[in-house]
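> Compute the structure for the input listed below.
(2 chains)
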Amino acid sequence: MSKIGLIIKREYLTRVRNKTFILSTFLLPLMMILFIAGSVFFAIRSHEKQKIAVVNDPGWYQTSLKSDSTQISYLFGTEIDSSNYLSKGYDGVLYLPKDSADSRYVLISKKQIGLEAKGGIERQLNKALENHLLLLNGINKTTLDSVAAVSDHAVSLVNVVTDKSGNARKANVGLAYGIGFGSGILIYITMFIFGAMVMRGVAEEKMNRIAEVIVSSCKPFELMMGKIIGIAGVGLTQFLLWVILISILTSAMQFFIPHDTLVEFQRMQQSQQPLPGGPGNNMAFKLLEARSQFVSGVNWPLVLSMFIFYFLGGYLFYASLFAAIGSVINEDPQEAQSLMLPITMPIVFGFIILTNSLNNPNSAMAVWGSIVPFTSPIVMMGRIPFGVPETVPYWQLIVSMLSLIGGFLFTTWFAGKVYRIGILMYGKKSSWKEMAKWAFRKS
Amino acid sequence: MDNILEVSNLKKYFSGQKAVDDISFNIERGSIFGLLGPNGAGKTTLIRMITGIFYPDEGRIMFSGKRFDPEMDTASIGYMPEERGLYKKMKIGEQAVYLAQLKGLSHAQAVASIKDWFVRLEMESWWNKKVEDLSKGMSQKLQFVTTVLHKPKLIILDEPFSGLDPVNANLIKEEINRLSDEGSTIIFSTHRMEQVEEICDHIILVNKGQKILDGSVAGIKNEYKENLYSVSFTEKVLPEHTAIHLFDVVDKGDHELVLKKNADFSTNDVLQYFMHKGLTVQGFHEILPSLNDIFIRLVEGTPRARQFDKNLN
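Below you'll find the predicted structure:
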């Protein structure tokens, strides 16, 4: 095996066999899924039906306040007030205002009602009031019912994007936003985590004084690149395991959802019916719908391959700079902090551009941010899910990729020069200015 | 003469400071070579050029008769730096295999060689331990093993005995001699003179980046001898015995004298003089200067040794 191969192997294996790697790789997705599944489970199971007595009904509320099969049932007119509702088996008393101009509705209950239940009651009261006012103003009951039948279904805006030849594609802005944000932030975080890992590894070798032993067997550049590539492998391994684990666990997730809900969902999906708005099923349906859209609504091969490219490109771009810092620092951690600032700033800046470009993926800032290699790994990943070539023209993607490749070739060259000198220099504080001097002087 | 290493006019400057300033020397194959000098004399920089870590600014290094090629020749060199370093969290066996593989050994060769060394230095039980579990002396031993286990032709040891107790120091010394007998050439860099006298065949002394002494240990001692002799007698030495221009008395005991012989006379003249005075000479031997004395004498006058061979800029 070549020397650099040996170094990569060591860097990779020592980290992958480390307990923290194993824990973070397996526990993180597990915890994430358990959290989601748990909240779904409780959203479905924890709703005990609330019985609410309605007081002061002028008559017309009763027709509009419908008892809900899962959450709330209303009862009207029986002699109940705030003093005896508990003994009669009610969970609360709803006082309606006598005057329709008064908007003070009071619900008295022993336990605080949930946010969703509160929202549901408010919606229904609004609807009742609205219907009542419409009827008062001369709309007849049949018209009202036919209008209500239409407007009960929430409007959903479908954005269809067409390319030059007129082929249409349904755009899913929400999903693109989610994936853009998710992959952008993942690159942002991993650039910090793995960059810092490279820096620590280099500094450790320098402090341990093993660096001198190793560079008497191989070139300093081989040692640096071996570490950078080895740690990149660790990162990719972790992503791969996460993808596998998450897909296994999301398939397993359906066991947490009641069987009849699942069957109903499948039936409705086949008949292209809109989803029911029932508050109890909401969460489970939303989740199932999100999952099915998640799988089908995105050009996954493109997004994933671009993710790997931008992860690796961004990582290589910054990791070599982190390695250069690791090679010049001494025992003092303060030193690393001040040297890291010029590197962390553009990364943070990239993140800020990302959040802006998700709302407006074609703004000038988004376009330039996704081309300049300092920010492109983060920003471009935020734009790609919105569509290539509709949102991100091919030329932008190509220029961005090429400039990232050029960028990391430059930073690696620069870091290699600094590293060669820094790794064997002890006890002296260095600045970026000095590092630049080492890199650009003729040897 | 068969030289494993020929260094000629080697120079390395760090932003104007002359870390190594025009040094030349040859090392004979199979010898034990002492590289001496005070701290900051340029020893480490010199070694780093020989091990291919630094490129010389000027000059030429010939290794085994060919121009030194760091890419190829580092596999034939074993270097133990003064600042010892090992991966603390790595298992000892794996670490030794890794370092040996970097020197070009196959996995199987590395394992075989390490087992051999571990048995010899009684380290067999260490294989699965981590370096952080070892004492300083133990990791020192491990460092030595990792330096030599690829059977390098040239072994460079920078202060190999620092931090070792006498037992382990002796053990390492024996191993150095054994390696030398098996044909390895050893460069031994130190400022501890007594060890050099014991071990080295040939030395150079560097100071302020320049070579100020070069030769065999015996030759150098001869060159720097001061005609000092120690003489012991059966009779008590009296002041009238020493009033003579043949020598000056340096030190005087009841039955012995340390004297500095006048260069114009031979030792026989001195002996004849004592016999003539009726003294019975019991012992007579020349006092040669220790390398330590020579070292101090030569380096004196440079009040503070330079400290820049680690500070490159």
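> Now B:M80: closest residue in space, sequence neighbours ignored.
B:T147 (4.2 Å; Cβ to Cβ, 6 or more residues apart in numbering or on different chains). Where you see a C-beta, it was placed from the backbone N, CA and C, and this is true even at glycine.
> oh sorry, the question was meant for A:A232
A:Y315 (5.8 Å).
> Helix or strand for that neighbour, just tell me which one.
Under the criterion of DSSP states H and E, A:Y315 resides in helix A:300-328.
> domain parsing for chain B?
Following automatic domain parsing, chain B resolves into domains at B:3-222, B:226-287.
> Just put those in a markdown table and tack on mean neighbour count and mean pLDDT.
Converted to a markdown table, these look like this (neighbours: other Cβ atoms under 10 Å in any protein chain shown; pLDDT from 0 to 100):
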| stretch | mean neighbour count | mean pLDDT |
| --- | --- | --- |
| domain B:3-222 | 19 | 88 |
| domain B:226-287 | 14 | 85 |
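> which stretch among these comes nearest A:V418?
Within the domains of chain B, the stretch nearest A:V418 is domain B:3-222; the backing value is 15.6 Å (Cβ to Cβ).
> so how far is the first residue of that closest one from its last?
Terminal residues of domain B:3-222 are spaced 24 Å apart (Cα to Cα, to the nearest Å).
> now it, how far from the centre of its chain.
10 Å (Cα atoms, centre = their mean, to the nearest Å).
> show me the residues around the residue lying closest to B:A263 once chain neighbours are set aside that make contact.
The shortest distance from B:A263 to any non-neighbouring residue, by Cβ to Cβ, 6+ apart, is to B:N227 (6.2 Å). Applying Cβ atoms under 8 Å, 6 or more residues apart in numbering or on different chains, one finds that B:N227 lies in contact with B:K260, B:K261, B:N262, B:A263.
> Ok, A:G226 next?
So A:G226 contacts A:K3, A:I4, A:L6, A:I7, A:I8, A:R10, A:E11 (Cβ under 8 Å, 6+ apart).
> Out of the residues you listed, who's the most crowded?
In terms of neighbour count, A:I7 stands highest of those at 26 neighbours, by other Cβ atoms under 10 Å in any protein chain shown.
> mind checking how far it is from B:R48?
Look at A:I7 and B:R48: by Cβ to Cβ, to the nearest Å, they are 20 Å apart.
> that older thread, in JSON lines: the domains of chain B, plus distance to A:A436.
Shown next, in JSON lines, are the domains of chain B (distance: least, Cβ to Cβ, whole Å):
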{"stretch": "domain B:3-222", "distance to A:A436": "15"}
{"stretch": "domain B:226-287", "distance to A:A436": "55"}
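> Packing partners of the helix holding A:Y315?
Counting by 3 or more Cβ pairs under 8 Å, 6 or more residues apart in numbering or on different chains; DSSP states H and E, the packing neighbours recorded for helix A:300-328 are helix A:173-208, helix A:220-253, helix A:333-359, helix A:376-383, helix A:394-422.
> let's go with 10 Å and repeat that
Secondary structure elements in contact with helix A:300-328, counted by 3 or more Cβ pairs under 10 Å, 6 or more residues apart in numbering or on different chains; DSSP states H and E, are helix A:173-208, helix A:220-253, helix A:333-359, helix A:376-383, helix A:394-422, helix A:432-440.
> chain center to that helix: distance?
The answer for helix A:300-328 is 20 Å, by Cα atoms, centre = their mean.
> go on, stretch B:286-299?
On Cα atoms, centre = their mean, the centre of stretch B:286-299 falls 15 Å from the chain's centre.
> Enumerate the positions of that stretch that are buried.
B:L288, B:P289, B:L291, B:I294, B:F295, B:L298, B:V299 (16 or more other Cβ atoms under 10 Å in any protein chain shown).
> so what's the backbone phi/psi at whichever residue of chain A sits closest to chain B?
Here chain A gets closest to chain B at one residue, A:R209, 3.1 Å apart by Cβ to the nearest Cβ. For A:R209, the backbone dihedrals (degrees, to the nearest 10) come out as phi 70, psi 10.
> residues contacting it?
Under the criterion of Cβ atoms under 10 Å, 6 or more residues apart in numbering or on different chains, the neighbours of A:R209 are A:L424, A:Y426, B:P81, B:E82, B:E83, B:R84, B:G85, B:L86.
> Find the nearest non-adjacent residue to B:I61, please.
That would be B:F68: by Cβ to Cβ, 6+ apart, it lies 3.9 Å from B:I61.
> So what does that neighbour look like in phi/psi?
phi -60, psi 130.
> Verify the stated contact: it with B:M62.
Yes - with contact defined as Cβ atoms under 10 Å, B:F68 counts as touching B:M62 (6.5 Å).
> For the closest residue to A:K141 other than its chain neighbours, which residues are in contact?
Leaving aside its sequence neighbours, A:K141 sits nearest to A:L135 (Cβ to Cβ, 6+ apart; 6.9 Å). By Cβ under 10 Å, 6+ apart, the contact list for A:L135 reads A:W60, A:T63, A:K141, A:T143, A:L144.
> Compute the number of surrounding residues for the third one.
Looking back up the chat, that one is A:K141. 11.
> Now it. Its backbone dihedrals?
The phi/psi pair for A:K141 (degrees, to the nearest 10) is phi -60, psi -40.
> So the residue nearest in space to the middle of chain A versus A:L354, what's the distance?
Averaging the C-alpha coordinates of chain A gives a centre point, and the residue nearest to it by Cα atoms, centre = their mean is A:G182 (3.6 Å). From A:G182 over to A:L354 the distance is 11 Å, taken as Cβ to Cβ.
> Need the overlap of contacts for those two.
Contacts common to A:G182 and A:L354, judged by Cβ under 10 Å, 6+ apart, are A:M381, A:G382.
> Please tell me I have it right and A:C218 contacts A:R10.
No - assessed by Cβ under 10 Å, A:C218 is found out of contact with A:R10, at 11.9 Å.
> Check which helices and strands whichever strand or helix holds A:T142 sits against.
Applying DSSP H and E as the criterion places A:T142 in helix A:141-151. Where contact means 3+ Cβ pairs under 10 Å, 6+ apart, helix A:141-151 is packed against helix A:115-136.
> buried residues in the helix it packs on?
A:A117, A:G120, A:I121, A:Q124, A:L125, A:K127, A:A128, A:L129, A:N131, A:H132, A:L134.
> Which of those residues sits closest to B:L171?
Distance ranking of the buried residues of helix A:115-136 against B:L171, using Cβ to Cβ, places A:A117 first at 81.0 Å.
> Give me the domain ranges for chain A.
A:3-39+A:172-440, A:50-151.
> what's the least confident stretch among these?
Lowest mean pLDDT within the domains of chain A: domain A:50-151, at a mean of 77.
> for B:V250, phi and psi?
According to degrees, to the nearest 10, B:V250 has phi -90, psi -40.
> Name the nearest residue to it, sequence neighbours excluded.
According to Cβ to Cβ, 6+ apart, the nearest residue to B:V250 is B:V258 (4.5 Å).
> Could you do A:G201 as well?
Closest to A:G201 by Cβ to Cβ, 6+ apart is A:K227, at 5.4 Å.
> quick one: the helices in the stretch 1-150 of chain A?
A:3-16, A:19-45, A:61-64, A:115-136, A:141-151 (DSSP state H, counting those that start in this stretch).
> Quick one: closest of these to B:I212.
Comparing the helices of the stretch 1-150 of chain A by Cβ to Cβ, helix A:3-16 comes nearest, at 38.0 Å.
> helices and strands around the closest one, which ones?
In terms of contacts (3+ Cβ pairs under 10 Å, 6+ apart), helix A:3-16 is packed against helix A:19-45, helix A:173-208, helix A:220-253, helix B:92-102.
> one more time with 6 Å
The helices and strands touching helix A:3-16, judged by 3 or more Cβ pairs under 6 Å, 6 or more residues apart in numbering or on different chains; DSSP states H and E, are helix A:220-253, helix B:92-102.
> show me the contacts for the closest residue to A:R383 other than its chain neighbours.
With Cβ to Cβ, 6+ apart as the criterion, A:R383 has its nearest non-adjacent residue at 4.6 Å, and that residue is A:P361. Residues in contact with A:P361, defined by Cβ atoms under 6 Å, 6 or more residues apart in numbering or on different chains, are A:R383, A:F386, A:T391.
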